[in-house]
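# Pasting a predicted model and its sequence here:
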Amino acid sequence: MVQQRSIVIVGGGTAGWLTAAYLARALGSRATITLLESPGIGIIGVGEGAFPTIRSTLRFIGIDEARFVREAGATFKQGVRFDDWRREAVGDRRHRYLHPFDAPYQADDADLVAHWLAKDPATREPFAEAMTIQNRVADAVRAPKQPSEGDYDGPLAYAYHFDAHRLAALLRARAVELGVRHLQGELTGVETGEQGIACVHTDAHGALTADLYVDCSGFRAELLGRALRVGPRSAKAHLFTDRALACKIAYAGPDAPIESVTTATAHEAGWIWDIGLQNARGLGCVYSSAHLSDARAAEILCGYVGHDRFEARIIPFEPGWRETQWVGNCVAVGLAGGFLEPLESTGIVLIEAAAAMIADFLPMAGPVDASAGRFNQLMNARYAAITNFLKLHYCLSQRQTAFWRDNADAASIPDALAALLAEWRHRPPSRFDFQGGVESFAAFNYQYVLYGMGFETDLGPSTPPRGEQAHAERLFERIRSFGRQAVAELPEHRALIREIGQRM
Ligand code: FAD
């Protein structure tokens, strides 16, 4: 007989349904999974951007790309464009850089990063433009792939933007197809015991017991936080934003172009996300309540949109995470485990990582928490690494309001990041700077942000020999010419969405 584990998941947002579908697919008949969600409480309903890891997760779960585009209202995301992060806009003079998802062009016989660094900073092309064709493709509002390309494949790395409610509904449908039992109702109480949770009481389904309880109840953290009293560790010493004012803005018409990058525009005490969804733009003003009032945030958002004829809702959050995320028979995934801030869309990345680790670490025999220590160590390291990466975006800015000055203050920079920045003064980020298994971002992601923000790495006086330089120039020209060709050949973004969305 197959040894089975019973799993109860509390919460039916992206975290709950993604974890349910992932575990159902990974564990098959070795697990029985029940998910309890409260339609009355609802889901947070924000989180409209993902990271390229989502493609392999969706493929694994068994959702094809056409279904995803159609049912989650998805569009393509090729990276994040940062406007005005390096310095304040002065009239029409604005600073802009892209963090594309595609890795820099690789040539075995030339170190293009070193060649780019050796060029005159006053005249060289921006880093992302020099190193990848994706910059040109995104600027031209092109899609990252041809319609004929296979599911989740294409010449360029990409992720998606989507409607958060429709994504949760799609994941729910898939999880139920995979055999997950869906209960609607509210958790009314939790009994604790030696193992952690003894049972959870519900208003409509009596008491539920399981071998493993997964807390996906969002910021309420009903199991790990409220019942087991595991408190969060704040990241506020490093990351200052703690509120978002979110809204939807209609397009000018049904054929209006859809951007294929998230635009992140800096403002006096934070930034604004601008996401091209299929039927509307999703916008959010992210800010630090210690530096900005809600009224001023609303003014900034209205100024960005160009009018005030929209409804916005305030979403408060505390940047941080629970250092112990798996205690006994209870593990938290999603907002119940932690949240740093919306920049770079790391919420779902962390959910994907946690779900995959639970699938691998859940033993079918013996104590259910045998690998809890390892899980906690890996998740902690992952949150700490993401904190460093997010802080990198802020701490190099020359903007002069209190929020940005506080962000550049050395005391607010995590020690590990400060040490890396010191090393990167004389060499670029290397893959050996980052630990396998705990990093969401690779060395090239750091390079895009670092050099996008104008950081200088001084490689010393050793200029490469002329022949090598000429070879590198030919490679840079090849990137330019591939970029022009890609812009000419790739479909317009909205056209690809329409075409894929019509496939059955
Ligand atoms: P929720 O969506 O809040 O779901 C919680 C679930 O628990 C709900 O189903 C609720 O009904 C249920 N529940 C709670 N209490 C009970 C109870 N007592 N009984 C029964 N059920 C209960 N992530 C990204 O990847 N990209 C982004 O661009 C991004 N942007 C963000 C912007 C903001 C402002 C914020 C705050 C977050 C953002 N995130 C983003 C994070 C992302 O929203 C979340 O990681 C994701 O939505 C998962 O949320 P969740 O499922 O953990 O929580």
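Ah, there it is. Numbers count the residues shown, from 1 in each chain.

# Residue 209: what's it in contact with?
Residue 209 makes contacts with 6, 8, 198, 199, as judged by Cβ atoms under 8 Å, 6 or more residues apart in numbering. Just so you know, the C-beta spots here come from the backbone N, C-alpha and C atoms, and that holds for glycine as well.

# mind redoing it with 6 Å?
residue 199 (Cβ atoms under 6 Å, 6 or more residues apart in numbering).

# likewise residue 53?
349, 352.

# Distance check, it against the ligand.
Counting by Cβ to the nearest ligand atom, to the nearest Å, the separation of residue 53 from the ligand is 10 Å.

# Same question for residue 5.
22 Å.

# Residue 470 now?
For residue 470, the distance to the ligand - Cβ to the nearest ligand atom - is 43 Å.

# Name the residues that touch whatever helix or strand that residue lives in?
Assigned by DSSP states H and E, residue 470 falls within helix 466-489. The contact list for helix 466-489, computed with Cβ under 6 Å, 6+ apart, reads 105, 107, 110, 115, 130, 133, 136, 137, 140, 142.

# what separates stretch 317-324 from the chain centre, distance-wise?
16 Å (Cα atoms, centre = their mean, to the nearest Å).

# what's the model's confidence in that stretch, averaged?
Stretch 317-324 shows a mean pLDDT of 97.

# hmm, back to that, possible to save the contacts of helix 466-489 as TSV with distance to the ligand, secondary structure and pLDDT?
Below are the contacts of helix 466-489 laid out as TSV (distance: Cβ to the nearest ligand atom, whole Å; DSSP: H, G, I helix; E, B strand; the rest coil; pLDDT from 0 to 100):
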residue	distance to the ligand	secondary structure	pLDDT
105	28	coil	92
107	33	strand	82
110	36	strand	86
115	34	helix	93
130	28	helix	97
133	25	coil	97
136	25	helix	96
137	22	helix	97
140	24	coil	97
142	22	strand	97
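
# Downstream of the helix holding residue 470, the next helix or strand is which one?
helix 493-502.

# if we can go back for a sec, now, of the contacts of helix 466-489, which are buried?
105, 110, 115, 130, 133, 136, 137, 140, 142 (16 or more other Cβ atoms under 10 Å).

# how close does the residue nearest to the fifth one when sequence neighbours are not counted get to residue 102?
In space, and not counting its chain neighbours, residue 133 is closest to residue 483: 3.8 Å by Cβ to Cβ, 6 or more residues apart in numbering. Between residue 483 and residue 102 the distance is 11 Å, computed by Cβ to Cβ, to the nearest Å.

# residues in contact with the residue nearest the centre of the chain?
Among the residues of the chain, the one closest to the centroid is residue 345, at 2.2 Å (Cα atoms, centre = their mean). Contacts here follow Cβ under 6 Å, 6+ apart; on that basis residue 345 touches 49, 50, 51.

# Number of residues surrounding the last one?
As a burial measure, residue 51 scores 23 neighbours (other Cβ atoms under 10 Å).

# When residue 483 and residue 102 are compared, which one has more neighbours?
Neighbour count, other Cβ under 10 Å: between residue 483 and residue 102, residue 102 has more, with 24 against 19.

# Quick check: the more buried one vs the ligand, distance?
For residue 102, the distance to the ligand - Cβ to the nearest ligand atom - is 19 Å.

# Show the contacting residues for that residue.
With Cβ under 6 Å, 6+ apart, residue 102 has these contacts: 132, 134, 156, 157.

# thought the first one was touching residue 100?
Yes: assessed by Cβ atoms under 6 Å, residue 132 is found in contact with residue 100 at 5.4 Å.

# nearest residue to the residue in the stretch 101-250 of the chain positioned nearest to the ligand other than its sequence neighbours?
Across the stretch 101-250 of the chain, the shortest distance to the ligand (Cβ to the nearest ligand atom) belongs to residue 218, at 2.6 Å. Spatial nearest neighbour of residue 218, chain neighbours left out: residue 335 (4.5 Å); criterion: Cβ to Cβ, 6+ apart.

# Many thanks, we can stop here.
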